[in-house]
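Engineer: How does the following fold in three dimensions:
(one chain, ligands or ions: 1)
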Amino acid sequence: MTISIWRYSHLVLAISSSLFLCIASVTGIILAFEPITNAVHAHTIKESENLTLAEVIPTLKANYEEVINFEINANDAVIASVITKDGQSETIYIDPLTGKKLGTPTEKAAIFKFATNLHRSLFLKSIGRFFVGLISFLLIIIVITGIFLILKRQGGIRHFFAKIEKEYFAQYYHVTLGRFLFIPVLIVAATGVYLSLERFSIIPKTTISHDLEDSHFTSSHKITIQDFEIFKTTLLKDVKSVEFPFSEAPEDYFLAKLSDRELIINQFDGSIISEQPYPFVAFASSWSSLLHTGQGSPVWSIILLITSCALLFFMYSGFTLTIKRRKNSPHNMFNAKKDEAEYIILVGSETGSTFMFANLFASALSTIGKKVFISELNTYTLYQKAQYLIIFTSTYGIGEPPANAKKFEYLFKKITPIHPLQYAVVGLGSLAYPHFCQYALNIDKLLGTSSKLESILDPYKINNQSFTAFKDWVSHWNTKTGITLKIESPSKKRKIKQQLFTVIERSERNTDDTFLLRLRPQHHINFESGDLLAFYPKEDQVERLYSIGKVDNDLLLAIKKHEFGICSNYFSKLTPKETIKAVIKRNPDFHLPNTQKEIILIANGTGIAPFLGMILNHQNFDKTHLFWGGRTKTSIKIYDDLLRQGVSSKKISSLHLAYSQEEEKKEYIQDLVAKESRLVANALHNNGIVMICGSIAMQKDIIKTLETIVTTELGTPLANFQRKNQIKMDCY
Ligand SMILES: Cc1cc2nc3c(=O)[nH]c(=O)nc-3n(C[C@H](O)[C@H](O)[C@H](O)COP(=O)(O)O)c2cc1C
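Structural biologist: Sure, this is the predicted structure:
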């Protein structure tokens, strides 16, 4: 599978550094707790930080025989090396206000020592440190390639934080978390590299040299420490450490390291002998250390903890993504070489899911003895014996090809097929995007420009990888070509864990052969109106999906009985207390948003089921408008009770019904919507939501009507509202 350079680099780097990254992340998690525990046991000097050195130093001198030095650590505690009045040499926490001992610093816990060594050098000393630095560098590149992949996926920087379509758990959270956590990961990686470069002296360690003139070391003028001007103006909070004079010899001095500079101070009169600001590398070094370790900041340590956990998650989700894509890539178990095959199947896919359909189709052809070759669109070339060219492709962005199809147009224009070819194009896309299956349509047009190619079927669009739609296309193919293909359901191959539901009620069928079925899960299941019930009949195990309305924790399904429909016939005979097995599939794109804004629900036929559930569960009174289209007035009878509940409880603020087969007034649902153009335009203008559920034909008409409404009333194309996720559709 050709993958873009970004994805390839992202993947290769992640794989090659995974073991080390795993060790670094696990030890990082452990080490993130160190600053937190230190902060808990710290003797912080928060209340004393506004004391001046003129107050602190005399207090210390008064309390101890000798003070060698003191420093303020990352947790803002003062640690001093002193000789006590009884001659003991000690390093202790002290209270700068009183000079009294507060405690003794404890040794670093063994677990932190172990984790630090492993984290820094993998117990391999310099070689290990080099590897850790290298892995940190690779992590920077992994993050950068990851950012590019997200930008590419989202269609540019402006949409970086736009909604992500959820295909499956690993894909969704890999991208979603990646968008937020790339910043701390980048900080951890960059500071890791910095610290390694410093360790190997590639970045020089800061050494400050003072220009000391002998004339400044005078003891002629003596004043008390309390009166040293520099001590009177220096607050403890700006001090990193102070070294006291070793003796009373004139050449000994105070060395004060402040937050921005270093001072050498005459021990007799407090005059400044030398003053040196820190160079930039000193700041960079201290910030790198603070940002990488979180020392002194429990909040940042928690962010580091989350970042380390996230790195482990990214490794897991990244590998899951790769395995899934690999599984779906072309197997060429269909045996024919490219120049032997009659059937050439080319696939355009970004994340691999389109290959599933292409593989099923290829497998069905191969089962009946046809010679099939399957590959990617980017590999388009001459095929000696080809008679059919079948293209399966997804779309990304505004009619853009997926990664492995980018070169197709160029290749197609350059290469003229040897023999005439018959072709068909199947588009995989999502109605959640404004340009539904646009790339498949573009390809179909492109193929049509060649005199050597002849279309056998109109381009076919599949929404949300619907297997039912794919089967429908195969039946078109069968009819057109006279070659009967049997598609093996993917659900046969994987075992699906089904749940049990009890039949509570089944309505009579109305004049359109439609009925309502109410099911109750036997065990607690979280679901919402708009989710889907997947049912796999014994006869063919092919998944059938029904939109769910949630009413009092039961599932409400509206089903149309088809003469030869295995599933609808089975459901139409169910009686209360019977049990069925099925699976609830989450469909978050078609949930009713939790909003106070206006909501316009548009359905025809059985598409009303999820809306009934949404209306009855919704708390947002007086702003929900329901449009429904059916054949005759008797069509609506089965929904009467629930609709009445909605109207009487004022959960439906306006109800608009259209009947297409009523003699005295034939009306289509799009006519009703057109009549209410102001209502619809106002709702969309005020960030309201339009939801559409029912047949694809109705959906097309409604979209056309909405397009006219928003362009004339608001001067904005519908795509703008689709982009903002204000138009939600679930049509079949
Ligand atoms: C970032 C992104 C952009 C997409 N853009 C479109 C689009 O413009 N039109 C469309 O019909 N589908 C669009 N889709 C949906 C995909 O085409 C659809 O999910 C398809 O089944 C993916 O197949 P693949 O995994 O084989 O690439 C987009 C999906 C993503 C993640």
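Engineer: Check the gap between Asn604 and the ligand for me.
Structural biologist: Here Asn604 is placed at a distance of 22 Å from the ligand (C-beta to the nearest ligand atom, to the nearest Å). Where C-beta positions appear, they are placed from N, C-alpha and C, glycine not excepted.
Engineer: residues contacting that residue?
Structural biologist: Trp628, Gly629, Gly630, Ile669, Gly694, Ser695, Met698 (C-beta atoms under 8 Å, 6 or more residues apart in numbering).
Engineer: Pipe the residues you listed into a markdown table and attach secondary structure and pLDDT per row.
Structural biologist: Conversion of the contacts of Asn604 to a markdown table gives the following (DSSP: H, G, I helix; E, B strand; the rest coil; pLDDT from 0 to 100):
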| residue | secondary structure | pLDDT |
| --- | --- | --- |
| Trp628 | strand | 95 |
| Gly629 | strand | 95 |
| Gly630 | strand | 93 |
| Ile669 | helix | 95 |
| Gly694 | strand | 91 |
| Ser695 | coil | 87 |
| Met698 | helix | 91 |
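Engineer: now, the most widely separated pair of these?
Structural biologist: The distance between the two most remote of these (C-beta to C-beta) is 12.7 Å, for Trp628 and Ser695.
Engineer: okay, the two: which has more neighbours?
Structural biologist: A direct count of neighbours by other C-beta atoms under 10 Å for Trp628 and Ser695 places Trp628 higher, at 24 against 16.
Engineer: what's near enough to touch the more buried one?
Structural biologist: So Trp628 contacts Ala603, Asn604, Ile608, Ile636, Tyr639, Leu655, His656, Leu657, Ala658, Ile669 (C-beta under 8 Å, 6+ apart).
Engineer: How many neighbouring residues does the last one have?
Structural biologist: When you say that, I think you mean Ile669. Neighbours around Ile669, by other C-beta under 10 Å: 27.
Engineer: list the contacts for Ser89?
Structural biologist: Ser81, Val82, Ile83.
Engineer: Is it possible to mark the buried ones in the residues you listed?
Structural biologist: Ser81, Val82 (16 or more other C-beta atoms under 10 Å).
Engineer: Next, format the contacts of Ser89 as TSV and append secondary structure.
Structural biologist: Converted to TSV, those look like this (DSSP: H, G, I helix; E, B strand; the rest coil):
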residue	secondary structure
Ser81	strand
Val82	strand
Ile83	strand
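Engineer: The ligand: which of the contacts of Ser89 is nearest?
Structural biologist: Closest to the ligand out of the contacts of Ser89 is Ser81 (60.5 Å), distances taken as C-beta to the nearest ligand atom.
Engineer: What's the per-residue pLDDT of that closest one here?
Structural biologist: Looking at Ser81, its pLDDT is 95.
Engineer: bridging residues for it?
Structural biologist: Asn69, Thr91 (DSSP bridges).
Engineer: does it really touch Phe70, like I thought?
Structural biologist: Yes. Counting by C-beta atoms under 8 Å, Ser81 does reach Phe70; the two are 7.3 Å apart.
Engineer: and the residue of the stretch 1-150 of the chain nearest the ligand?
Structural biologist: For the stretch 1-150 of the chain, C-beta to the nearest ligand atom, closest residue to the ligand: Ile150, 9.4 Å.
Engineer: ugh, wrong one, the chain
Structural biologist: Counting by C-beta to the nearest ligand atom, the chain gets nearest to the ligand through Gly429 (2.2 Å).
Engineer: That residue and Ile462 touch, don't they?
Structural biologist: Yes. Gly429 lies in contact with Ile462 (C-beta under 8 Å); the separation is 7.2 Å.
Engineer: so what's Phe527 closest to, chain neighbours aside?
Structural biologist: Distances taken as C-beta to C-beta, 6 or more residues apart in numbering place Ile584 nearest to Phe527, at 4.8 Å, with adjacent residues excluded.
Engineer: For the one you found, what is the enclosing helix or strand?
Structural biologist: strand 579-585 (DSSP states H and E).
Engineer: who's the residue nearest to Phe527 bridged to?
Structural biologist: Leu533.
Engineer: count of residues packed around it?
Structural biologist: Residues near Ile584, counting by other C-beta under 10 Å, number 19.
Engineer: now it: how far from Tyr570?
Structural biologist: 18 Å (C-beta to C-beta, to the nearest Å).
Engineer: pLDDT check: weakest of the contacts of Trp628?
Structural biologist: Among the contacts of Trp628, Ile636 has the lowest pLDDT, at 90.
Engineer: Specify the beta-bridge partners of the residue nearest to that one when sequence neighbours are not counted.
Structural biologist: Computed as C-beta to C-beta, 6+ apart, the closest residue to Ile636 that is not its neighbour in sequence is Gly630, at 5.6 Å. Beta-bridge partners of Gly630, counted by DSSP bridges, are Tyr659.
Engineer: quick one: the strands in the stretch 251-400 of the chain?
Structural biologist: Assigned by DSSP state E, counting those that start in this stretch, the stretch 251-400 of the chain shows strands spanning 253-258, 261-266, 272-277, 343-348, 372-376, 388-394.
Engineer: could these go into JSON lines alongside mean neighbour count and mean pLDDT?
Structural biologist: JSON lines is the format used below for the strands of the stretch 251-400 of the chain (neighbours: other C-beta atoms under 10 Å; pLDDT from 0 to 100):
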{"stretch": "strand 253-258", "mean neighbour count": "21", "mean pLDDT": "94"}
{"stretch": "strand 261-266", "mean neighbour count": "20", "mean pLDDT": "94"}
{"stretch": "strand 272-277", "mean neighbour count": "15", "mean pLDDT": "92"}
{"stretch": "strand 343-348", "mean neighbour count": "26", "mean pLDDT": "95"}
{"stretch": "strand 372-376", "mean neighbour count": "24", "mean pLDDT": "92"}
{"stretch": "strand 388-394", "mean neighbour count": "25", "mean pLDDT": "96"}
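Engineer: can you list the residues of this protein near the ligand?
Structural biologist: 153, 165, 349-354, 394-397, 402, 428-430, 433, 435-438, 465 (C-beta under 6 Å from any ligand atom).
Engineer: Since that was my last question, I'll sign off now.
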